[in-house]
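Undergrad: below: sequence and its predicted model.
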Amino acid sequence: MKGLDAILEEHPFFAGFAPPHMQLIAGCARNRRFDEGEYLFHEGDPADEFFLIRHGRVALDITPPGRDPIVFETLGPGEIVGASWLVPPYRWMFDARALEVVRAIGIDAACLRGKCDADHDLGYQMMMRFLPILVKRLHATRLQILDVYGRH
């Protein structure tokens with residue numbers, strides 16, 4: 001059976017990370033499981049953990065007042081769920097819901113933020129890897145807005 005450090009090293013997000021940094025991150029990690037329909041987190045809740053999906057799919061959605069939720073992205077194995085842990089006030093800006101059984105690695109945000117503060121190289125590596133994810137999600141949201149509110 002593989003340890004969390006070995007599982008993290010195999011995840012695409014951490015490809016090429018230095019072994020000492022992997023050990024620091026593994027110290028903040030734990031296995032997580034979510035059943036179909038279960039929420040990983042809700043908009044406005046504390047962003048105290050982020051997730052590396054190993055199995056299953058997760059829907060990211062926003063809920064306009066008086067309307068049904070709008071899914072703006074669906075994520076699967078090898079992808080990351082959650083970046084709000086990076087920026088104060090550390091609150092989720094959307095909901096994340098398991099579309100099927102999801103197995104993930106949860107990374108404790110406060111633990112990792114502390115390690116990034118203490119090791120700026122680690123913090124830089126995390127920011128450089130999260131920035132493309134943030135840009136991709138922003139673009140997905142933009143396309144969703146254009147689809148909903150654009151001319152038809």
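TA: Yep, it's here.

Undergrad: in three-state terms, label R137 for me.
TA: helix (DSSP: H, G, I helix; E, B strand; the rest coil).

Undergrad: that one and E73 touch, don't they?
TA: Yes: between R137 and E73 a contact is recorded at 6.3 Å, counting by CB atoms under 8 Å. For the C-beta atoms, the positions are set from N, CA and C on the backbone; glycine is no exception.

Undergrad: now do the helices in this structure.
TA: With helices called from DSSP state H, the chain shows them at 4-10, 19-26, 109-118, 120-149.

Undergrad: between R137 and E73, what contacts are shared?
TA: Residues touching both R137 and E73 (CB atoms under 8 Å, 6 or more residues apart in numbering): L60.

Undergrad: averaging pLDDT over each of the helices of the chain, which comes out lowest?
TA: When those are ranked by mean pLDDT, helix 120-149 comes last with a mean of 82.

Undergrad: any idea how far M93 is from H11?
TA: 23 Å (CB to CB, to the nearest Å).

Undergrad: could you do M22 as well?
TA: M22 is 10 Å from H11, by CB to CB.

Undergrad: and for A110?
TA: In terms of CB to CB, A110 sits 21 Å off from H11.

Undergrad: please identify which of the two sits among more neighbours.
TA: Neighbour count, other CB atoms under 10 Å: between A110 and H11, H11 has more, with 17 against 13.

Undergrad: wait, that one touches F51, no?
TA: No: counting by CB under 8 Å, H11 stays clear of F51, with 10.9 Å between them.

Undergrad: give me the common contacts of these two.
TA: I105.

Undergrad: excluding covalently adjacent residues, which one is nearest to V101?
TA: G56 (5.4 Å; CB to CB, 6 or more residues apart in numbering).

Undergrad: over to R33?
TA: Using CB to CB, 6+ apart, the nearest residue to R33 is R103, at 5.5 Å.
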